[in-house]
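In: Prediction below, plus the sequence it came from.
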Amino acid sequence: MPATFDLQAIMQAVPSASSKTPADMDPPSFIRMLPSEVLSEIFDIFSSDLAVLEDPLAAPMMLSHVSHFWREVVIDSLPTHWCTLNIRHVRHPEVLLDILGRSKNRTPDVNVYMPQTDPEPYPEDPNFIAVFSGIAAHASRVRRLSIVARNPTIHRIMRYIDRAPFSALENLELVQDGPDPTRFHFYGCFVVNPEVFSALRLVHTAAHFEDASNLGGVRTLDLDHSSGALLDQRAIRSIGYPNTPLTPCMTKLTQLTIIATRLLKLPTPFVPSFTSSDLRSLKLADVPATSTPDVRDEVIKLFSYTYTPDLQELSLERVHVSAFLLFMQMLDPKNPRFPAVTSLTLAEVHLDYINTMFMRAFPALKALSLIKIDPTPITRLLPDPLLWPVLSRITVDGCDVSRPSPILMITAP
């Protein structure tokens with residue numbers, strides 16, 4: 001249960017500064033005697049309790065008005081209070097930019113959430129210019145950048161942060177929000193440091209980077225209704241090409257999510273931008289029906305180029321039955337295809353074709369999650385103790401269920 005605070009009682013506990021002489025002053029209150037380190041912990045709890053408020057300055061500004069001592073603690077001793085900038089509007093840009101100034105040399109998180117209809121004014125709104133020009137000026141310190149907005153707003157923001165040197169950026173998230181964002185747009189050019197940049201999430205968006213080498217440190221890639229360009233080394237901008245050969249730029253990628261994202265159709269052979277042998281977690285969702293030979297070849301490439309026997313977590317969600325049959329056909333009845341997978345998630349997948357060969361493909365499975373599907377085709381095979389022998393947890397739509405009891409084999413005398 002979150003802690004509650006009575007600000008009026010706190011302010012009354014602080015000694016009054018109205019006395020004119022030390023002799024007339026009241027003895028220091030207990031709360032005034034607390035060291036700044038203890039106050040820091042209290043302020044953290046207080047700020048977390050008010051985190052639901054839209055105004056990111058609510059907690060630190062309130063605390064800084066209690067007393068001069070508290071103001072010093074909040075501003076000087078606790079720059080972490082100013083390390084998250086939540087932008088929901090561009091009113092009072094001087095207040096928002098003050099957070100960046102007070103974060104000093106720390107790396108702030110910048111979260112832009114402006115999904116509302118935002119027609120572009122003419123001339124450009126000076127507050128909008130001030131906010132995002134200010135962010136661009138501090139780009140080299142930003143640790144995380146999240147932008148959730150409609151397409152016109154994202155394009156407006158990119159005018160000011162395009163090619164800004166995000167040398168400390170670790171995580172980038174671009175989400176095109178709206179009633180029906182059926183089309184995605186490319187944004188950027190983003191300039192990041194491959195020694196730092198490690199996570200990228202694109203939802204109904206796509207992104208350009210200064211050079212393929214910028215993506216060398218990416219460990220987590222989440223493409224949700226995005227472009228398949230980042231999966232194909234041929235489509236990623238490279239300063240050295242064609243003088244340097246096309247080799248995967250994301251050699252550290254371990255976690256890959258592909259949702260309703262199609263591979264590109266180019267005249268030259270597909271060149272993956274990642275090394276599948278490094279993948280440890282894979283999620284494939286909204287895989288289309290193999291209704292034409294081209295789509296069939298695309299789905300085969302998707303399953304093939306994301307495969308590694310070292311995979312540990314696999315999630316298949318909303319895979320069309322024809323695509324799932326292709327997945328089943330790629331299993332080897334003699335050799336387990338996924339010997340290292342310990343966690344398997346199946347969501348809205350047609351399981352009528354599940355058989356013992358499928359189950360033997362995951363001999364090390366420990367956790368099984370079934371979502372919005374009839375579990376009967378699997379549960380009827382589970383009593384066999386030779387199938388998934390180390391399976392210890394089964395969840396169906398988030399609820400834990402027990403594994404059926406094994407069948408007792410009685411040998412006749």
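Out: Looks like it came in fine. Residues are numbered from 1 along each chain as shown.
In: ok, which stretches of the stretch 1-150 of the chain are strands?
Out: 84-87, 109-114, 144-149 (DSSP state E, counting those that start in this stretch).
In: Tabulate the ones you listed (JSON lines), appending mean neighbour count, mean pLDDT and distance to D211.
Out: Heads up, the C-betas are built off the backbone N, CA and C, glycines and all. Converted to JSON lines, the strands of the stretch 1-150 of the chain look like this (neighbours: other C-beta atoms under 10 Å; pLDDT from 0 to 100; distance: least, C-beta to C-beta, whole Å):
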{"stretch": "strand 84-87", "mean neighbour count": "20", "mean pLDDT": "82", "distance to D211": "28"}
{"stretch": "strand 109-114", "mean neighbour count": "20", "mean pLDDT": "90", "distance to D211": "23"}
{"stretch": "strand 144-149", "mean neighbour count": "20", "mean pLDDT": "95", "distance to D211": "19"}
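In: closest one to Q233 among those strands?
Out: strand 144-149 (24.7 Å; C-beta to C-beta).
In: what helix or strand does V191 sit in?
Out: If you go by DSSP states H and E, V191 is part of strand 185-192.
In: just to revisit the earlier point, same list, the strands of the stretch 1-150 of the chain, but as TSV with distance to W388 please.
Out: Formatted as TSV, those follow (distance: least, C-beta to C-beta, whole Å):
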stretch	distance to W388
strand 84-87	43
strand 109-114	41
strand 144-149	39
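In: what about E37, how many neighbours?
Out: Using other C-beta atoms under 10 Å, E37 has 9 other residues around it.
In: now swap in G398 and tell me
Out: 8.
In: and the gap between it and P108?
Out: According to C-beta to C-beta, to the nearest Å, G398 and P108 sit 35 Å apart.
In: Of all the strands of the stretch 1-150 of the chain, which one is nearest P165?
Out: Of all those, strand 144-149 comes closest under C-beta to C-beta, at 12.7 Å.
In: Give the other helices and strands that the following helix or strand past the closest one contacts.
Out: Following strand 144-149 in sequence order, the next helix or strand is helix 151-161 (DSSP H and E). Counting contacts by 3 or more C-beta pairs under 8 Å, 6 or more residues apart in numbering; DSSP states H and E, helix 151-161 packs against helix 126-137, strand 144-149, strand 171-176, strand 185-192.
In: Among the ones you listed, show me which one is buried the most.
Out: Most buried of these, by mean neighbour count (mean count of other C-beta atoms under 10 Å): strand 171-176, with a mean of 21.
In: coming back round to it: the inter-axis angle of the strand holding V191 versus strand 144-149?
Out: Orientation check (axes from the mean of the first three to the mean of the last three C-alpha atoms, to 10 degrees): strand 185-192 against strand 144-149 gives 160 degrees.
In: So which residues make contact with strand 185-192?
Out: Residues outside strand 185-192 that contact it (C-beta atoms under 8 Å, 6 or more residues apart in numbering): 151, 154-155, 158, 162-167, 169, 172, 174, 176, 205-210, 214, 227, 237.
In: Buried subset of the residues you listed as a PyMOL selection?
Out: A single PyMOL command selects the buried members of these (16 or more other C-beta atoms under 10 Å):
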select buried, resi 151+154+158+164+166+169+172+174+176+205+206+207+209+214+227
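In: coming back round to it: out of the helices and strands packed on helix 151-161, nearest to V390?
Out: Minimum separation from V390 across the helices and strands packed on helix 151-161 (C-beta to C-beta) falls at strand 171-176, 34.3 Å.
In: now that closest one, how far from the centre of its chain.
Out: Offset of strand 171-176 from its chain centre (C-alpha atoms, centre = their mean, to the nearest Å): 8 Å.
In: my read: L344 touches E317, true?
Out: No: contact between L344 and E317 fails when scored by C-beta atoms under 8 Å: they sit 11.5 Å apart.
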